[in-house]
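Novice: how does the following fold in three dimensions:
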Amino acid sequence: MKWPTWTQAAIAATISALVVLVLRRSRPTLLGDVMLPAAREFAFVASLYSIWRMAKKLPLTQSEGAVERARSIVRVQDFLHLPTELSMQEFALTHEQIGRFSAAYYAVVHVPALIIFLIWLFARHRDVYPHWRNALAILTAFSLFIRFVKVAPPRFLTDLGYVDLSAEYGMSVYGPVGTGVSGQFAAMPSLHVAWAAVVTFGVLAASTSRWRYWIWVHLVLTLFVVAATGHHWWLDGIVAIALLGISLQIDTVGRRLVATYRRRSALAYSEEDAVGTPLEGAR
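Specialist: Below you'll find the predicted structure:
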């Protein structure tokens, strides 16, 4: 999958911002009422994406020691008695259909699922949309800065028996080291799991449908395929989910602080207005 560049995203954001300005200056219409918030939100999200793509190019990475950090993760997971990713990978390789499905799911699903979720939330649950969009932005920023300290994924530890399952089935999403939209040594944390967690917990929080619990399948499958393909460690996913919880809390606290500030400002304005009224009447 070829991702848009930061310049393409910046151009899209600029065009959307111009559409917003035009709609604001135009006579109100039903179509304009629908397009204005959508164009404004697209401009904001496209701007965030452009900044994210630019930030990934910053020369702040520490590729040295990536494999050693991966081996440290193996030791931590062994200490915690977590199941090995190698057992998941061996299972997928033994069952070819599961292996192909895992490689395809890893390569294709996570970005469209996130986009569909954001569109659905914006269209159907506008009241909670900003909370989850902000949490997504904070979570992705956390992930970006953590990834400046590189950690090798399991597929680079061939001495332990790991392989690149995606490459085995001709579905490699990264290509040679140093190319592509994502770094080869950027396993921690897993953006696949992070975004799947946003989709899963966002649907569970916003939807009232009795079918909403099926969304757990997306998160469970993502956790499985990132390990089975050899692209991530279990801790990559665990850290990603923990960061989502922190991101949601940051947005919640931020909203409370802003609401408190606005209430105090409104109260102060009302008191000033109340004091000033009789004086004006006396004149």
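
Novice: helices along the stretch 101-250 of the chain, start to end?
Specialist: Taking DSSP state H, counting those that start in this stretch, the helices of the stretch 101-250 of the chain run over residues 110-124, 129-146, 165-168, 191-206, 216-228, 234-282.

Novice: burial count for A55?
Specialist: Using other CB atoms under 10 Å, the number of residues around A55 comes to 15. C-betas here are computed from N, CA, C, even on glycine.

Novice: quick check: domain ranges of the protein?
Specialist: Listed domain ranges for the chain are 1-55, 67-282 (source: automatic domain parsing).

Novice: rebuild those domains as TSV, extending it with mean pLDDT.
Specialist: Listed next are the domains of the chain as TSV, based on pLDDT from 0 to 100:
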stretch	mean pLDDT
domain 1-55	83
domain 67-282	87
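
Novice: which of these sits most buried?
Specialist: Of all the domains of the chain, domain 67-282 carries the top mean neighbour count, a mean of 17, counting by mean count of other CB atoms under 10 Å.

Novice: the helices of the stretch 101-250 of the chain: which one's closest to G32?
Specialist: Smallest distance to G32 across the helices of the stretch 101-250 of the chain (CB to CB): 16.9 Å, for helix 110-124.

Novice: what about the closest one, distance to the chain center?
Specialist: Using CA atoms, centre = their mean, to the nearest Å, the mean C-alpha position of helix 110-124 is found 12 Å from that of the whole chain.

Novice: packing partners of it?
Specialist: Packing contacts for helix 110-124, counted by 3 or more CB pairs under 8 Å, 6 or more residues apart in numbering; DSSP states H and E, involve helix 30-55, helix 129-146, helix 191-206.

Novice: quick check, central residue of this protein?
Specialist: Centroid-nearest residue in the chain, with CA atoms, centre = their mean: W195, separated by 4.2 Å.

Novice: from L23, how far off is the nearest residue to that one once chain neighbours are set aside?
Specialist: Counting by CB to CB, 6 or more residues apart in numbering, W195 lies nearest to L114, which is 4.7 Å off, once chain neighbours are set aside. Distance, L114 to L23, by CB to CB, to the nearest Å: 26 Å.

Novice: A228 too?
Specialist: Counting by CB to CB - A228 and L23 are separated by 47 Å.

Novice: chain center to the helix or strand containing L86: distance?
Specialist: Assigned by DSSP states H and E, L86 belongs to helix 85-94. Chain-centre distance of helix 85-94: 27 Å, with CA atoms, centre = their mean.

Novice: cool, and stretch 210-223?
Specialist: For stretch 210-223, the distance to the chain centre is 17 Å (CA atoms, centre = their mean).
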